[in-house]
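**Q** sequence and predicted model, in that order:
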Amino acid sequence: MSAIPAASPQVSVILPTYNRAHLLPRAVASVLGQSFRDFELIVVDDGSKDGTAELMRGYDDPRIVFLPPERNLGDAGARMRGIARARGEWLAFQDSDDEWLPDRLRLQMDYAAALGPDFALIGGTLLRYVGGPIERIVWPLAEPAAGRGEVDRRRFVAGFCAYLQSLIVRRAVYEELGGFDTRLKARSDFEFCLRLSQRYRIAAVSEAVALSYETPEGISLRADYRFADIDHVLAKHGASLAQDPRAHAHYYYQHARAAFELGRDGVGRASSLKALRLDPRRPYHWALALAGAFGGKAAWRLIRANQRLKNKGRHAA
Amino acid sequence: MTEVRPSTAARAPTVSVIIPTRNRAALLARSIDSVLAQTFRDFELIVVNDASTDQTRELLAGIADPRLRVIHREQNRGAAAARNAGIGIARGEFLAFQDDDDYWLAQKLEKQVAALRAAGPEVGWCVGGYIVLEGSSAFYAGGERYFRNMDYSKGLGETAPDWSLVATPNWLLRRSVLERSGLFDERMRSWDDWELGLRLDQVTRRVHVDLPLFVQHRGGGMMRAELARASDMRFIMDKHGATWARHRKVQAAHWYIVGRAESLYTPAPAGRAELWRSVRLDPTRAMAWAALGLSYLGADFTRRLTERVRRYKQAW
């Protein structure tokens, strides 16, 4: 575990963890079982008190680098501590409660090699299993039928597909951009990709690369975090988003939804109206603005009905 | 002649994992890696090389894990016979099966061993959910609801069509239940797992894990698989037909499976008699009437239509 091979690996896999000794073996196994083998796995223990260090000492794979706890830095801080130690040309990210699919690094690294240096980031489809149907989170391709290719920037900006577990990114580009903005609570990954997409080209494969077992209380599903993050992105990137009214409208729509979920009806109403004004062609912008006019409860009921309908559609598939 | 590479471990493992393989060297590595990477580590892995003519032998020779045991067979005798050969040298308390083109998720053995241990000795069979990747779609098969409705005595036509309890990668068995049920029937070409499932269902109870345990890639090679299934279904109706003597709808569903595949992939009038049989047994089966009508329009036309319908369904 301590022996460090002389040559730099092609990929550095960053895995921050905090009190997840019961889930960590799955996350680690799915990295070590990759068909692409030229990587280092940097496990950052962010102050666990549940035997994580003992568990990690039980592995004898020389590709594992274990960083023992120093002080609790939080999820993003721990990740950055791992990146500081990374030597690979590419960075890939694993979460302690997720599972990679076995060919993912090979698929994405092969494609990166074929595309060349213009592309700084390669995405892939993330599967999410929350009990019941599987949700697919895909990167919108400019030509969807091709199965892989350049990401359509407009639809990318409007969506929230950029989950860290699903992408690989050039380490040099990560450093040039100054890394993650730690003020974001749940979706610093998305904000990072938004910044990256302003300077570099992004491509993706449509194959599934990882399986997320996020529970409903999971961090990126929490309405308060979602609200705070969209709020922050609207403030920081408002000028750039304004160039595309439809994407901008989508942010306000999501902002309004999260606000209604939190019972902040005033903000919800204001944002739902902004979304409607920016893009009046979307029926759901009308629906949310109208429901909001009748009160936060009505808007909340509409959101729930919409979620149920979406789940039902996935069951039927 | 069969040549066995012996295990280097002295003690009997908890689980014996059996992979039958033939000429799939390109996929086999991923399948084996997904077993060796399991979070539950106390197993032996028995790979039965069914007379492959590609790089399978070299690939297996290059794997250093002491838990791997290999049987090389000189003559190709099919997956059922290969699985039985693996069972013949298995030493584990439990048996698990893997296919060379699927891969397991990391906790498959851990979850299923725990479920069988918790269920007690009268439960000899564990099944669970899995993820199907087909083209650009993904779905979860074999969940709790499906499991509740699964009943082998109802036949294939009345149960959900995703075969999740049927596919052997989904199973964990107590080795001892096979003494009562018997082994895989080596005369089967494709549905050997379903046929053994019929017998297992008579001698033991099942427990279910409602989590994705493995990933199955579908697509391609439909024709061979469907014809093999049609042939197996004929065989099953001969061997187990009495099971459904009073269930005309089940019989109709089974003959429809035979008739549709044969009318789709072999020259007319193959399959037409079976489709007539199906609609006589159950005149309410609209798909059988449709297949019967199409069988008079020719296999080419029908295949193109089927492909269109499939694509249309996937688009939704």
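**A** Structure's in. What do you need? Residues are numbered from 1 along each chain as shown, chains lettered A, B, ... in the order given.
**Q** what secondary structure does A:G82 sit in?
**A** At A:G82 the chain is in helix, as set by DSSP: H, G, I helix; E, B strand; the rest coil.
**Q** that one contacts A:P16, doesn't it?
**A** Yes. With contact defined as CB atoms under 8 Å, A:G82 and A:P16 form a contacting pair (6.2 Å). To be clear about C-beta, it is placed using only N, CA and C from the backbone, and glycine gets the same treatment.
**Q** higher neighbour count, these two?
**A** A direct count of neighbours by other CB atoms under 10 Å in any protein chain shown for A:G82 and A:P16 places A:P16 higher, at 26 against 23.
**Q** strand partners of the helix or strand encompassing the more buried one, parallel vs antiparallel please.
**A** Per DSSP states H and E, A:P16 falls inside strand A:11-17. Applying DSSP bridges, strand A:11-17 is found paired with strand A:39-45 (parallel), strand A:90-93 (parallel).
**Q** same for the helix or strand following the first one, what does it pack against?
**A** Scanning forward in sequence from strand A:39-45, with DSSP H and E defining helices and strands, the next element found is helix A:52-57. The elements that helix A:52-57 packs onto, with contact taken as 3 or more CB pairs under 8 Å, 6 or more residues apart in numbering or on different chains; DSSP states H and E, are helix A:24-32, strand A:39-45, strand A:64-67.
**Q** now these in JSON lines, with distance to A:G123, mean neighbour count and mean pLDDT?
**A** JSON lines is the format used below for the helices and strands packed on helix A:52-57 (distance: least, CB to CB, whole Å; neighbours: other CB atoms under 10 Å in any protein chain shown; pLDDT from 0 to 100):
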{"stretch": "helix A:24-32", "distance to A:G123": "18", "mean neighbour count": "23", "mean pLDDT": "96"}
{"stretch": "strand A:39-45", "distance to A:G123": "18", "mean neighbour count": "24", "mean pLDDT": "97"}
{"stretch": "strand A:64-67", "distance to A:G123": "25", "mean neighbour count": "18", "mean pLDDT": "97"}
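**Q** distance to B:G92 for these - can I get that in CSV?
**A** As requested, these are arranged in CSV below (distance: least, CB to CB, whole Å):
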stretch, distance to B:G92
helix A:24-32, 20
strand A:39-45, 30
strand A:64-67, 29
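**Q** and A:I202, that's in a helix?
**A** No. Per three-state DSSP, A:I202 lies outside any helix segment and is strand.
**Q** where's the residue most central in space within chain A relative to A:L105, distance?
**A** Centroid-nearest residue in chain A, with CA atoms, centre = their mean: A:Y163, separated by 1.6 Å. For A:Y163, the distance to A:L105 equals 16 Å [CB to CB, to the nearest Å].
**Q** is A:W100 bridged to anything, and to what?
**A** A:A210.
**Q** any common contacting residues for A:G82 and A:P16?
**A** A:V44 (CB atoms under 8 Å, 6 or more residues apart in numbering or on different chains).
**Q** ok, A:K236 touching A:E191?
**A** Yes. Counting by CB under 8 Å, A:E191 is a contact partner of A:K236 at 7.5 Å.
**Q** list the contacts for A:V65?
**A** A:I4, A:E40, A:L41, A:I42, A:V43, A:R85.
**Q** the third one pairs with what?
**A** With DSSP bridges as the criterion, A:L41 is bridged to A:V13, A:I64.
**Q** A:G58: how many residues sit nearby?
**A** A:G58 has 8 neighbouring residues, counting by other CB under 10 Å.
**Q** quick check: it vs chain B, distance?
**A** 10 Å (CB to the nearest CB, to the nearest Å).
**Q** which pLDDT does the model give that residue?
**A** As predicted, A:G58 sits at a pLDDT of 93.
**Q** how about A:L241?
**A** The predicted local confidence for A:L241 is 87.
**Q** wait, isn't it in contact with A:Y252?
**A** No. Applying CB under 8 Å, one finds A:L241 not in contact with A:Y252, separated by 9.6 Å.
**Q** so what sits against both of those two?
**A** A:L234.
**Q** can you tell me the residue of the stretch 51-200 of chain A closest to chain B?
**A** A:I134 (4.8 Å; CB to the nearest CB).
**Q** in the stretch 201-316 of chain B, which spans are helices?
**A** Per DSSP state H, counting those that start in this stretch, the stretch 201-316 of chain B carries helices over the ranges B:222-240, B:248-265, B:272-281, B:286-295, B:299-315.
**Q** could those be laid out in JSON lines, adding mean neighbour count and mean pLDDT?
**A** Shown next, in JSON lines, are these (neighbours: other CB atoms under 10 Å in any protein chain shown; pLDDT from 0 to 100):
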{"stretch": "helix B:222-240", "mean neighbour count": "17", "mean pLDDT": "78"}
{"stretch": "helix B:248-265", "mean neighbour count": "23", "mean pLDDT": "86"}
{"stretch": "helix B:272-281", "mean neighbour count": "20", "mean pLDDT": "91"}
{"stretch": "helix B:286-295", "mean neighbour count": "18", "mean pLDDT": "87"}
{"stretch": "helix B:299-315", "mean neighbour count": "12", "mean pLDDT": "65"}
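**Q** among the ones you listed, which is nearest A:A114?
**A** helix B:299-315 (27.0 Å; CB to CB).
**Q** tell me which strands the longest strand out of those in chain B pairs with, and in which orientation.
**A** Using DSSP state E to define each element, chain B has its longest strand at strand B:205-218. Note on strand B:205-218: by DSSP bridges, its sheet partners are strand B:103-104 (antiparallel), strand B:123-134 (parallel).
**Q** flag every buried residue along that strand.
**A** B:R206, B:V207, B:H208, B:V209, B:D210, B:L211, B:P212, B:L213, B:F214, B:V215, B:Q216, B:H217 (16 or more other CB atoms under 10 Å in any protein chain shown).
**Q** would you turn those into a markdown table with pLDDT?
**A** Shown next, in a markdown table, are the buried residues of strand B:205-218 (pLDDT from 0 to 100):
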| residue | pLDDT |
| --- | --- |
| B:R206 | 89 |
| B:V207 | 92 |
| B:H208 | 91 |
| B:V209 | 92 |
| B:D210 | 90 |
| B:L211 | 92 |
| B:P212 | 93 |
| B:L213 | 95 |
| B:F214 | 95 |
| B:V215 | 93 |
| B:Q216 | 87 |
| B:H217 | 82 |
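**Q** in JSON lines, list those residues along with distance to A:D97.
**A** Compiled in JSON lines, the buried residues of strand B:205-218 are given as follows (distance: CB to CB, whole Å):
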{"residue": "B:R206", "distance to A:D97": "28"}
{"residue": "B:V207", "distance to A:D97": "25"}
{"residue": "B:H208", "distance to A:D97": "23"}
{"residue": "B:V209", "distance to A:D97": "18"}
{"residue": "B:D210", "distance to A:D97": "17"}
{"residue": "B:L211", "distance to A:D97": "13"}
{"residue": "B:P212", "distance to A:D97": "14"}
{"residue": "B:L213", "distance to A:D97": "17"}
{"residue": "B:F214", "distance to A:D97": "19"}
{"residue": "B:V215", "distance to A:D97": "18"}
{"residue": "B:Q216", "distance to A:D97": "23"}
{"residue": "B:H217", "distance to A:D97": "24"}
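**Q** hmm, which two among the residues you listed are most spread apart?
**A** Farthest apart among these - using CB to CB - are B:V207 and B:H217, which lie 26.7 Å from each other.
**Q** mind listing what residue 202 touches?
**A** Picked chain A for this. A:I202 touches A:F119, A:A120, A:L121, A:I122, A:G123, A:W139, A:E150, A:V151, A:R153, A:F156, A:C193, A:L196, counting by CB under 8 Å, 6+ apart.
**Q** correction: the question concerned chain B.
**A** Residues in contact with B:Q202, defined by CB under 8 Å, 6+ apart, are B:S181.
**Q** distance of it relative to chain A?
**A** 31 Å.
**Q** tell me the pLDDT at that residue?
**A** 87.
**Q** what does B:R199 give?
**A** 90.
**Q** contacting residues around stretch B:248-262?
**A** B:154-158, B:226-227, B:229-230, B:233-234, B:236-237, B:241, B:244, B:270-275, B:277-279, B:281-282, B:285, B:287-288, B:291-292, B:295.
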